[in-house]
Structure formats: C-alpha cells, structure tokens
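>>> Provide a 3D model corresponding to the input given below.
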Amino acid sequence: MLSPSRKGKEKAVDNDVDGFLDINPILTYRHLHAKNPGVRSPFRVVALCDSDAFYAACERVRLKLDPELPLVVQQWDALIAVSYPARKFGISRMDKIRDAKQKCPDLVVVHVATFREGDPEPGYWPNPNTLTHKVSLDHYRRESAKIIAVFKEIIPEAEIEKASIDEAFVDFSIPVRNTLLERYPILAEVPEDLDTPLPPAPAIDWGDLSAVVPVNPEADEAGPSTTPEPAPTWHDVALSIGAELMAKVRKEVLERLGYTMSAGISRNKFLAKLSASYKKPNSQSVLRNAAIPGYLRPMQFRKIRFLGGKLGKALAEEYDASTVGDLHTISLDEMQRKFGEESVWVWEVLRGIDRSEVKEKSVLNKSMLASKNLPRPVTKPSEGIHWLRVLASELALRLHEARETTPGLWPKTIVLHTRRGWQAGRSRQQAFPFSRNLTADVVSSAGEKLWRESVGTDATAPKDMKVTHIMLGFSGIAALGAGQAGIEGFFTNSNSNSTNGEPSDNQGEKCTRCGAQIKPLQELPSDVDDETREAAMVGARLEHEDWHFAKDLARQPPTSSPSPPHSSPKKRKSSSSSDAGNGKVKKRKKEPVGIAKYFAKK
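Take a look at the predicted model:
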C-alpha cells in the first residue's frame, strides 16, 4: 500500500497500522484524565441505537400482540414497516398487501393512523381513503420520545443525539471514564508526568453481552477463528463498559416500553452506525480498533453515506474501484489533486476516521409542519378547505402535546405553502394571534385566510388551477422566558407605542405609517386580561395592514403591484442580471469546485 500523505487540512498522525490511523495509539494518563474528552480522544466511546422495525413494534405494543406474530404496517397501498417475524416469510417493504398475505395468510396488517376532517385526533380505520384522509405519524414520535427519556434517566451523563425517529447516537465517553477510574484504582493514581503510558490493560470477558466483530471477518467465516486475538487495550476496556451501559438501557426500554433495540458501539459515529447492523435484531455489536481494517476493506464504499451518489460514482470510475480496500491504494495527495482539498474527509472516512460530535438537539422545535401530496389536484379553491381543516387538526394536536412538556409554547407565525405540479411553490404567512383555547377551528380559520390570499375564490381563481401539494405550518415557535408573566412576552407591548413614551389608549395603539388609532374590532371591557387584549390587537393590526395594502395597490401603475403584507418577500432581480439588450452584462454564476460540484443543487 502506498504511504498516506501528510498534507491537507487535517494532518495524518503516527501509529498507522497498514495505512489506518490511530488504530493503536499509546494511551496515557493525559488522555484518560482530560476534563472534556473531545472528538479526538482515544478513549472516545460512541454508540448508535436502532429500534427494531420500529413502526411495526409500536403497533404491536399498542395492540398488545404476541411479539412472534407476523405484522406489517400499511400506508395506503405500500408497506412502511415489516416486523422480523414477518420477514421470515420473505415479506419485504417492496411487497404489495396482496402478495404479502399470500406469503403469510396469518399476517396482521395495520394501517397507519390517519386524520380525517372534523376529528381532533387521528384514528385507525380499516380502509382509509387517500382522497379524504391524511397520514399521521404522531404515535411513533411520542413512543420515540419515551425511549429517549429512558436513555436520559439511565445514563444522565451521556450525550444523546436523536438521529431519526428510530435511531439515536450516544456518547458514553464521560460515564465510561468515570467507571474506569472507579473500577481500576491504578488509573486514578496520576503520576507527575501526565504523558506516562498507562499500564497493560486487563483481559476482557465479553461473554454473551455483545457480538464482538472479529479482527479478520473474512477468514473467520470459513470456520473457527484462526486469527490470534490482539492484546486488549484500555480503549477495548472502555468499549466493554460502554457495552454494559448500552445493555442496561436496552433492557430497561424492553421492560418498560416493550421495544427491542439493536446497537453498534465503536470509537465514533460513523463506525457505530456501520456496526449496528452487524447482528440484528435485538443485539449489540462492538467494533474495536483492531477490527476496523478487516471490517472496512471488503465493504462496498458506495454504501457509505454521501458516497452513494455522484461523488461515489466519480470515485469508482476514476480509480476503477468498488470496495473500501480498493481506494486504500490512493494517496491523499492524489485524491486532493483530482477532487480538491476538501476530499480529505473522504480519505479519512475510508479509514474509519470521523470527528463529528454527538450533540443533543434542542427539544423545542421552532417550526411544525403538516402537509399533504394530493392524489387528486384541487381545481377549485373551495375544494382545498377540506384539506386545510385536516392539516389544522394535526397542527393543533401537536402544539397541544408540545405545550404539555413546555408550557407557554406558542408560534408567532402561521404559514401556508402550495405547489402546482412542477411549478415553483407559493407561500403566504401572517402573525398567529394567541388564543386561550386553541382548537383546530382557530388554526383552520387562519389557514383559510391565507388560502384565499394565495388562490382566490371560486369566482376569481384561474380556470387552469391545479394545486397538487398543500402545507400548513407554524414558525417562530418559542417558549416564555424566565420572568415573563404571560403570553404578552411574545408580542410588542401595545401600551408603549406612543412616541412620547407615555401609555397609549388601552383600547388601541397608534399606526406608525398614518398615525391613526388602531383599535380592537370589538370594544373590550376595562378589566380585560392582557392575553385577550393582545389577541384582539393582533387581529386589528392585520386588518389595518390590509387597508394600507389596498391603498398602496390603488396608487400603483397597472403594470406593477406591491407584495401582500403577510406574504414572503420575493427576491429582487439584481441589476447585474438584466437583459443584454439593456447594455448590461449578465453576471455569471460561480461554478462549484472540488467535491462541492458533486453536491451542488440543480
């Protein structure tokens, strides 16, 4: 193998093992006692936990069915989840329902929950109609949140990053380090020289706790392992402790919630995810440093994330390669000459190097979206009201659930987006006034106002109208900060809008454009609470903005019109992109270079 280059944005380091980096580093007390072990720590322990056939498991638990019953989850005509007992009959997500039942006559088929107009919550129907119902995945989101809660309870010191609805990365580095120091007192006795190497690591009895990836998987497949096991390292011991913690969490999730999980445990996120599929279901696998080369070399590199598209194809064609091992003969200098400086990450990931952090994402989502790809295009504005009410029910339910864990949560804006076939989508938005009693009707009413602004009425809409996609959503969702007394913290204080700093009339406020007094549409009693007053004022402001819009429109020449006050601002055409006939040169778009061109959007 060619010697790897030492150039690029990330310098390669010593302690190579046949071209792999950091496989066998010298572990010191400095590494172990680092206050905050980072992504470069040789004691890093990361796991990827994957719930087994999650959607199917959620329905099995909900219906209290035997875990050995073959079950599939249906969404319209497709299968979106197949339980492991059903897979034994050869059923896959590519099958149609009829074919799946032929393979297994006793198959349990559950259609995913759906919303229908007028219902505040989704329900389970034997044959929901795609023309009237909308799919809901809220049940799965709730169950996923329960699993994450168990993780945080059992291992509070670990960093947890939710990767998807059924996957989560866990950085065990800190709890593992604490356990090492407690379990092996010799490691807690710090010498004067922190760079002193650690003493030899003890033997590890993996037992039945985890499936340990062998050093040479290809040779071991032919029969009993003949490859000598390398001497254990302290990082191997750390991985074994991480495996203990993961096994404990998996057991708790199974006993409390009824879900089985598979996990991969290694030194970074990339390797943890790869090893999670080594033994499935209901198992966990450990990929030690010594086993990384043998595990990666035979792998098809185009199965690696970000290498399956244009970039992977270009690498395969350029070097006539198909496996990770085929690309190990390519030096970093050579790869960077062809694919640019940024290709250092490709060169590193092929050697099992990944420096991305495990970082917990904010529990508070700043937006909520509900959308529907319409099986039958909406050709009249009145036909879309049905879908707006269905989407409003989903949004209202999700916001109610979010407020159970984060009281005071409220969106600042409601957004409507529509698309007509392959044409560019259209968006409208407006402030969403606070309502003490949030219902689907409140959300629907605001959505219908945006709908009329976007598509018009049956009398004014174009005859060729064909809306194929509708999305209704909240944006600017925020929770009340510490010390805020009420929902008024989200809005401008309506009692301090006068220019002289004195409170304005408590029934209204002054318009900054025309100086007129903006008052609620209905007179409010003097003792009304701040929430009710502010809700009334938001509606009054919107009505006043609409009046200004109409006045502005009347002043415009027939060839132009201003943007509606609640619509998304359109990008203005730059003077540099004017027609050549005006004597101005069109500015050329800068072409991406290096590997960036393989990820450029069309």
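>>> hey, what's His133 bridged with?
Arg116 (DSSP bridges).
>>> which sections of the stretch 301-450 of the chain are below the confidence cut-off?
Within the stretch 301-450 of the chain, the segments meeting pLDDT under 70 span 363-364.
>>> need the helices for it, in chain order.
Using DSSP state H, counting those that start in this stretch, the helices of the stretch 301-450 of the chain run over 310-319, 324-327, 332-339, 344-349, 381-405, 440-455.
>>> List just the one of those that sits closest to Leu254.
Each of the helices of the stretch 301-450 of the chain has some distance to Leu254 by C-beta to C-beta; the shortest is helix 381-405, at 24.2 Å. Just so you know, the C-beta spots here come from the backbone N, C-alpha and C atoms, and that holds for glycine as well.
>>> Which elements pack onto the closest one?
Contact partners of helix 381-405 among helices and strands, from 3 or more C-beta pairs under 8 Å, 6 or more residues apart in numbering; DSSP states H and E: strand 114-116, strand 133-135, helix 138-154, strand 367-378, helix 440-455, strand 467-475.
>>> Could you list the paired strands of the helix or strand following the third one along with their orientation?
Put plainly, it is helix 138-154. Sequence order places strand 159-164 as the next helix or strand after helix 138-154, per DSSP states H and E. Strand pairing for strand 159-164, determined by DSSP bridges: strand 167-171 (antiparallel).
>>> Run the angle between the helix or strand that the strand it pairs with is followed by and strand 159-164 for me.
From strand 167-171 onward toward the C-terminus, using DSSP H and E, the following helix or strand is helix 173-183. Here helix 173-183 runs at an angle of 140 degrees relative to strand 159-164 (axes from the mean of the first three to the mean of the last three C-alpha atoms, to 10 degrees).
>>> middle-most residue in this protein, spatially?
Centroid-nearest residue in the chain, with C-alpha atoms, centre = their mean: Ser164, separated by 5.5 Å.
>>> For Arg141, see how far away that one is.
Here Ser164 is placed at a distance of 11 Å from Arg141 (C-beta to C-beta, to the nearest Å).
>>> Residue ranges of each domain in the protein, please.
With domains defined by automatic domain parsing, the chain comprises 29-51+143-299, 54-136, 300-361.
>>> if I look at Val108, how far off is Gln75?
In terms of C-beta to C-beta, Val108 sits 15 Å off from Gln75.
>>> for Thr457, same thing?
With distances taken as C-beta to C-beta, Thr457 is found 34 Å from Gln75.
>>> do Glu167 as well
Distance, Glu167 to Gln75, using C-beta to C-beta: 20 Å.
>>> I figured Phe169 was touching Glu357, is that so?
No - look at Phe169 against Glu357 with C-beta atoms under 8 Å: they stay out of range, at 9.4 Å.
>>> neighbour count winner among the two?
For the pair Phe169 and Glu357, the greater number of neighbours falls to Phe169 (23 against 14), based on other C-beta atoms under 10 Å.
>>> For the more buried one, give its distance to Leu271.
Phe169 is 11 Å from Leu271, where distance means C-beta to C-beta.
>>> shared neighbours of these two, anything?
Between them, Phe169 and Leu271 share these contacting residues under C-beta atoms under 8 Å, 6 or more residues apart in numbering: Val46.
>>> In the stretch 151-300 of the chain, mark out all the strands, start to finish.
In the stretch 151-300 of the chain, the strands defined using DSSP state E, counting those that start in this stretch lie at 159-164, 167-171, 211-212, 261-266, 284-286.
>>> Ranking those by mean neighbour count, which comes first?
Highest mean neighbour count among the strands of the stretch 151-300 of the chain (mean count of other C-beta atoms under 10 Å): strand 261-266, with a mean of 28.
>>> what is the mean pLDDT for that one?
Average pLDDT, strand 261-266: 97.
>>> And the contacts of that strand?
Residues outside strand 261-266 that contact it (C-beta under 8 Å, 6+ apart) are 45-52, 147, 172, 210, 239, 242-243, 246, 250, 253-254, 271-288, 292.
>>> partner strands of it, parallel or antiparallel?
strand 46-51 (antiparallel), strand 284-286 (parallel).
>>> Dump the longest one to PDB, restricted to CA.
I take that to be strand 46-51. Coordinates of each C-alpha in strand 46-51 appear next as PDB, following Å, rounded to 0.1, in the frame of the first residue of the first chain:
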ATOM      1  CA  VAL A  46     -19.900   6.200  20.800                       C
ATOM      2  CA  ALA A  47     -23.000   4.000  20.200                       C
ATOM      3  CA  LEU A  48     -25.800   4.100  17.600                       C
ATOM      4  CA  CYS A  49     -29.000   2.600  19.000                       C
ATOM      5  CA  ASP A  50     -31.600   1.500  16.400                       C
ATOM      6  CA  SER A  51     -35.200   0.400  17.400                       C
END
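>>> and the angle from that strand to helix 138-154?
Counting by the same axes, to 10 degrees, strand 46-51 points 140 degrees away from the direction of helix 138-154.
>>> and strand 46-51, how far from the chain's centre?
Remark: strand 46-51 is offset 15 Å from the chain centroid, using C-alpha atoms, centre = their mean, to the nearest Å.
>>> Can you give me the buried ones in the helix or strand following it?
Using DSSP H and E, the next helix or strand after strand 46-51 towards the C-terminus is helix 54-63. Neighbour-count burial for helix 54-63 flags Phe54, Tyr55, Ala56, Ala57, Cys58, Glu59, Arg60 (criterion: 16 or more other C-beta atoms under 10 Å).
>>> Adding distance to Glu401, write those residues out as TSV.
Converted to TSV, the buried residues of helix 54-63 look like this (distance: C-beta to C-beta, whole Å):
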residue	distance to Glu401
Phe54	19
Tyr55	19
Ala56	23
Ala57	21
Cys58	16
Glu59	19
Arg60	23
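>>> which of the residues you listed lies closest to Gln336?
The nearest one, if we look at the buried residues of helix 54-63 relative to Gln336 and count by C-beta to C-beta, is Phe54, at 40.3 Å.
>>> Would you check how far apart the closest one and Met261 are?
Distance, Phe54 to Met261, by C-beta to C-beta: 9 Å.
>>> Also Ile160?
In terms of C-beta to C-beta, Ile160 sits 14 Å off from Met261.
>>> Likewise for Lys96?
Per C-beta to C-beta, Lys96 is found 29 Å from Met261.
>>> same check, this time on Ala34
Distance of Ala34 to Met261, computed by C-beta to C-beta: 30 Å.
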